[in-house]
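take a look and give me a structure for this.
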Amino acid sequence: LRADLASIMSQNYADEIRKYEKNLQDSVDSIQLDQKAYLQLRNDNPAIDSDNGKALMARIADLSAQESTAREGIIKGVLDGRRGVANVAYDKKYRPVFQQLGETYGEVVHMNVTGSKIAAQSAADAGQKARDISIAITFAAVLISICITWILTRSVGRQLGKDPGELAVIARRVANGDYD
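The predicted structure follows:
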């Protein structure tokens, strides 16, 4: 935004000024679309819509309105041939507002990065807990399987009345035709 505004201030031809003004408006429109998408995201996820976030977004809206008013005044001054007035407005009105706007966006970024780190840590903790539970369930299933196998083997051995090794010998003899 500042580059296009500075370019406007350096131009002498209305056509060039309008070209940079259109670039400026396209940039502002893009920022507004991104802001709407961000606000929609915050509204769709009440858990992330803190009071601090609301205050920052209100501050951005207020500063954006101030920036827009200052920008329009500067462009009007340039178009009217009052470059001195436009330069003073740029230094006294536009620059401080733009600086505050940048700092406020920085706070939003910091808030989002902090929230993202917290969410990532929460997800990592949930993943670790799920992995620990899976390991415990697997260990319990293996232990239960071993116990069931031991109980069944013992039960079958008791019902047959012999040691499994002896039963194998008897089964081979019967298979070979020795029924004694």
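
list the buried residues in the helix or strand encompassing residue 171.
Taking DSSP states H and E as the criterion, residue 171 maps to helix 164-175. With burial defined by 16 or more other C-beta atoms under 10 Å, not one residue of helix 164-175 is counted as buried. Placement of C-beta: from N, CA and C, glycine included.

from the contact counts, what lies against that helix?
Packing partners of helix 164-175 (3 or more C-beta pairs under 8 Å, 6 or more residues apart in numbering; DSSP states H and E): helix 95-160.

okay, the angle between the helix it packs on and helix 164-175?
Between helix 95-160 and helix 164-175, the angle comes out at 60 degrees (axes from the mean of the first three to the mean of the last three C-alpha atoms, to 10 degrees).

any idea how far the helix holding residue 171 is from the middle of the chain?
Centroid displacement of helix 164-175 relative to its chain, using C-alpha atoms, centre = their mean, to the nearest Å, is 67 Å.

how far out from the middle of the chain is stretch 105-114?
On the basis of C-alpha atoms, centre = their mean, stretch 105-114 sits 12 Å off its chain's mean C-alpha point.

neighbouring contacts of that stretch?
Residues outside stretch 105-114 that contact it (C-beta atoms under 8 Å, 6 or more residues apart in numbering): 50, 52, 53, 56, 57, 60.

mind checking pLDDT for the closest residue to the fourth one other than its chain neighbours?
Leaving aside its chain neighbours, residue 56 sits nearest to residue 108 (5.2 Å; criterion: C-beta to C-beta, 6 or more residues apart in numbering). For residue 108, the pLDDT comes out at 89.

dump the residue contacts of residue 11.
Counted by C-beta under 8 Å, 6+ apart, residue 11 has contacts 17, 20, 78.

now do residue 8
Contacts of residue 8 (C-beta under 8 Å, 6+ apart): 17, 20, 21, 24, 74, 75, 78.

the helix or strand harbouring it to helix 95-160, inter-axis angle?
Here residue 8 sits within helix 2-10, counting by DSSP H and E. Comparing the axes of helix 2-10 and helix 95-160 via the same axes, to 10 degrees yields an angle of 160 degrees.

what's the spacing between the spatially most central residue of the chain and residue 180?
In the chain, the centroid-proximal residue (C-alpha atoms, centre = their mean) is residue 116; its distance is 5.9 Å. Plainly put, residue 116 is 81 Å away from residue 180 if you go by C-beta to C-beta, to the nearest Å.

could you do residue 74 as well?
Residue 74 is 116 Å from residue 180, by C-beta to C-beta.

the more surrounded of the two?
residue 74 (24 against 4; other C-beta atoms under 10 Å).

torsion angles phi and psi at the more buried one?
phi -70, psi -50 (degrees, to the nearest 10).

over to residue 80?
The phi/psi pair for residue 80 (degrees, to the nearest 10) is phi -80, psi 0.

so after the lowest-mean-pLDDT helix or strand in the chain, what's the next helix or strand?
Least confident helix or strand of the chain, by mean pLDDT, DSSP states H and E, is helix 2-10 with a mean of 79. Note on helix 2-10: by DSSP H and E, the next helix or strand toward the C-terminus is helix 14-44.
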